[in-house]
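1. sequence and predicted structure below; questions after.
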Amino acid sequence: MIITFLFDFFFPRECIICGELLENGSTKNKALCCSCLEIFPPAYRLPDSGDHCRICSRELVSEKEICAICRERKYLFSCNISLWDYRNKFVRKAIHEYKFKSKKHASWFFAETIFKLYNDNFSNIPVIPAPCSRSRIEKYGWDHMRHICKILSRKYGISVFFLFKKRKTRQQKELDYEKRQTELRGRIILLRKNAAACLKCSETVILLDDVFTTGATAGYCSELLINNGFKNIIILTIALD
């Protein structure tokens, strides 16, 4: 507690949205100033009505239960749940600052929000971070999803297993679903010893990632997990693109 206070005093953090210095103790989430916290969109909660696709969680326009995109793809995971819409400029800014500007203190904000959804809807289900490529770790010096998972484990007591290793891949941002699948095949490796330990805890797991775009990474990771004995894969992402 004292160490945290001293660190905040000598190395004050900035709001990841507006850049304003955060006063020590002024905000519990450690990432947003009070003003930006008020305008940041509320996190998604599982709806009782059928207004979202039951697979990807995109908002439905005229379809029933499953959106047009998911009807054309065969995902092996049961569903994706995204906390926010990536199209929102504040959400996009927060994720960008966290991932590419190494604003690591934002991990506390994301972890807290993830825990609230987890605590309301899941129980004793292990969490697995999506694999981070070696090239990204070499460039930025850290694994952003592993960082969040460590907080989920240490602060909130959620069982976390690190099951994947990812070789160098091309930048996937501009690739479509089919090309992403091809690029990922053989480049994501399941650590079988860790997977066996996780499987003893539960045949259902939550795969945690930052942004759900095409679902290619989630789909391939799910394939590896199911081929190794897991029965139900739930995808939980910070945002839906």
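-> Received the coordinates, thanks.
2. tell me the phi and psi of residue 224?
-> Dihedral angles of residue 224 (phi, psi; degrees, to the nearest 10) stand at phi -60, psi -40.
3. let me see the contact set for it.
-> Contact analysis of residue 224 by CB atoms under 8 Å, 6 or more residues apart in numbering lists 164, 188, 190. Where you see a C-beta, it was placed from the backbone N, CA and C, and this is true even at glycine.
4. now do the helix ranked longest in the chain: which elements does it pack against?
-> In the chain, assigned by DSSP state H, the helix with the most residues is helix 106-121. Contacting helix 106-121 under the criterion 3 or more CB pairs under 8 Å, 6 or more residues apart in numbering; DSSP states H and E are the following elements: strand 79-85, helix 89-100, helix 144-154, strand 232-240.
5. restricted to strands, list the contacts of residue 224.
-> Using DSSP state E, the subset of the contacts of residue 224 located in strands is 164, 188, 190.
6. with adjacent residues omitted, what lies nearest to the residue nearest the centre of the chain?
-> Nearest to the mean C-alpha position of the chain, counting by CA atoms, centre = their mean, stands residue 209 at 2.9 Å. Distances taken as CB to CB, 6 or more residues apart in numbering put residue 130 closest to residue 209, at 3.8 Å, once the chain neighbours are dropped.
7. how about the contacts made by the one you found?
-> Applying CB under 8 Å, 6+ apart to residue 130 gives the contacts 145, 164, 207, 208, 209, 210, 217, 218, 221.
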